[in-house]
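Novice: have a look at this prediction, sequence included:
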Amino acid sequence: MSNPVRTGPVRIGTRGSPLALAQAHQTRARLAAAHAALAAPDAIEIVVIRTTGDRIQDRTLMEAGGKGLFTKEIEEALVAGSIDLAVHSMKDVPTWLPDGLEIRCLLPREDPRDAFFSNVAAHLDDLPEGAVVGTASLRRQAQVLARRPDLKVVPIRGNVETRLRKLADGEVDATLLALAGLKRLDMTDRITSVIEPDVMLPAVAQGAIGIETRVGDDRTNALLAPLTCEDTMVRVSAERALLAALDGSCRTPIAALANLDEAGTLTLDALVADPAGRQILGTARRGTAADALAMGRDAGEELKSLMPPDFFVP
Ligand SMILES: NCc1[nH]cc(CCC(=O)O)c1CC(=O)O
């Protein structure tokens, strides 16, 4: 049976966190700007859905285990037809989507770099010996410890306010967050400094917003077509092809960043690390947009073949 054409409001499914809501509102604004018929106040509805990831506050996400903690319940609503599109941080979207769902639309990517916060140092390199860095991200942990083996990394979670309070209380000396999220929340004034990718390579797809729909939902896919950013598609395709080659089921810290320059050259930098930061294995590829998937796959296969067993987090 084909999808009947819906005529009601376009329903956007999203998590309820401030960042997720900012991303859903950005999507609504872009849809309204692209389609006169969607500019009416009741033409687009935002439906807040609580995910497993939102319920887990006391443990790090790694301990909670499993992929798709921030997407599962939203995807279920999409499959069930109670929403028409789901807005995600692509960083949180698992390598493989459920059957019947697709991500054809990526909004223009925000700055993919990480931001550094500290009351005791201007940069990661200036932290005093033995300083405590709060992060629950194994990717950030590994890169911090590889550069500064003297530092101590402790897991912290929570929103920006919670983290800044932990900094102010001296519970941690520094923390790291994605710059993209801070920009979307209009909180960049709280940042101490931005970390360059050669110091801290971002997560796959960091800074990209993806919009997931039902395969065959022509109405929604047509509405989203003018919103998609081709450069972002190419870059994120290369990075996610790397992730797929490395096999999303392993929890090794992975970082990757693809860039596309004005001449059409696509570059991909990628690394895997052991969580303790004792060893980082990096690689790079250069090509054109047409090579995005092959570059990602090839770089991923190289890293996989180089990885010793102790890179795998049990
Ligand atoms: N893991 C949570 C998450 N997912 C997406 C972002 C930031 C926004 C983005 O990368 O687009 C964050 C917070 C962070 O890492 O600081």
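Specialist: All right, it came through fine. Numbers count the residues shown, from 1 in each chain.

Novice: contacts and neighbour counts: CA atoms only from here.
Specialist: Noted.

Novice: please enumerate the helices of this protein.
Specialist: Using DSSP state H, the helices of the chain run over 18-34, 52-55, 61-64, 72-80, 138-147, 160-168, 179-184, 218-224, 230-246, 292-306.

Novice: so can I have JSON lines of those showing mean neighbour count, mean pLDDT and distance to Ala40?
Specialist: What follows is the helices of the chain, written out as JSON lines (neighbours: other CA atoms under 10 Å; pLDDT from 0 to 100; distance: least, CA to CA, whole Å):
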{"stretch": "helix 18-34", "mean neighbour count": "18", "mean pLDDT": "97", "distance to Ala40": "8"}
{"stretch": "helix 52-55", "mean neighbour count": "14", "mean pLDDT": "82", "distance to Ala40": "31"}
{"stretch": "helix 61-64", "mean neighbour count": "12", "mean pLDDT": "50", "distance to Ala40": "39"}
{"stretch": "helix 72-80", "mean neighbour count": "19", "mean pLDDT": "95", "distance to Ala40": "23"}
{"stretch": "helix 138-147", "mean neighbour count": "23", "mean pLDDT": "96", "distance to Ala40": "43"}
{"stretch": "helix 160-168", "mean neighbour count": "16", "mean pLDDT": "90", "distance to Ala40": "33"}
{"stretch": "helix 179-184", "mean neighbour count": "20", "mean pLDDT": "97", "distance to Ala40": "24"}
{"stretch": "helix 218-224", "mean neighbour count": "17", "mean pLDDT": "97", "distance to Ala40": "15"}
{"stretch": "helix 230-246", "mean neighbour count": "24", "mean pLDDT": "97", "distance to Ala40": "28"}
{"stretch": "helix 292-306", "mean neighbour count": "20", "mean pLDDT": "96", "distance to Ala40": "39"}
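
Novice: any chance of those helices in JSON lines, with distance to Glu45 too?
Specialist: Output for those, formatted as JSON lines (distance: least, CA to CA, whole Å):
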{"stretch": "helix 18-34", "distance to Glu45": "8"}
{"stretch": "helix 52-55", "distance to Glu45": "21"}
{"stretch": "helix 61-64", "distance to Glu45": "30"}
{"stretch": "helix 72-80", "distance to Glu45": "14"}
{"stretch": "helix 138-147", "distance to Glu45": "36"}
{"stretch": "helix 160-168", "distance to Glu45": "27"}
{"stretch": "helix 179-184", "distance to Glu45": "20"}
{"stretch": "helix 218-224", "distance to Glu45": "13"}
{"stretch": "helix 230-246", "distance to Glu45": "26"}
{"stretch": "helix 292-306", "distance to Glu45": "35"}
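
Novice: now for these, which one comes closest to the ligand?
Specialist: In terms of CA to the nearest ligand atom, the element of the helices of the chain nearest to the ligand is helix 179-184, at 4.1 Å.

Novice: which positions in the stretch 101-250 of the chain make contact with the ligand?
Specialist: Listed as neighbours of the ligand in the stretch 101-250 of the chain under the rule CA under 6 Å from any ligand atom: Leu177, Ala178, Ala180, Gly181, Gln206, Gly207, Ala208.

Novice: and the helices of the chain: which comes nearest Leu281?
Specialist: Smallest distance to Leu281 across these (CA to CA): 7.0 Å, for helix 292-306.

Novice: tell me if stretch 24-39 is near the ligand.
Specialist: No. Against the ligand, stretch 24-39 shows no contacts by CA under 6 Å from any ligand atom, the least distance being 12.3 Å.
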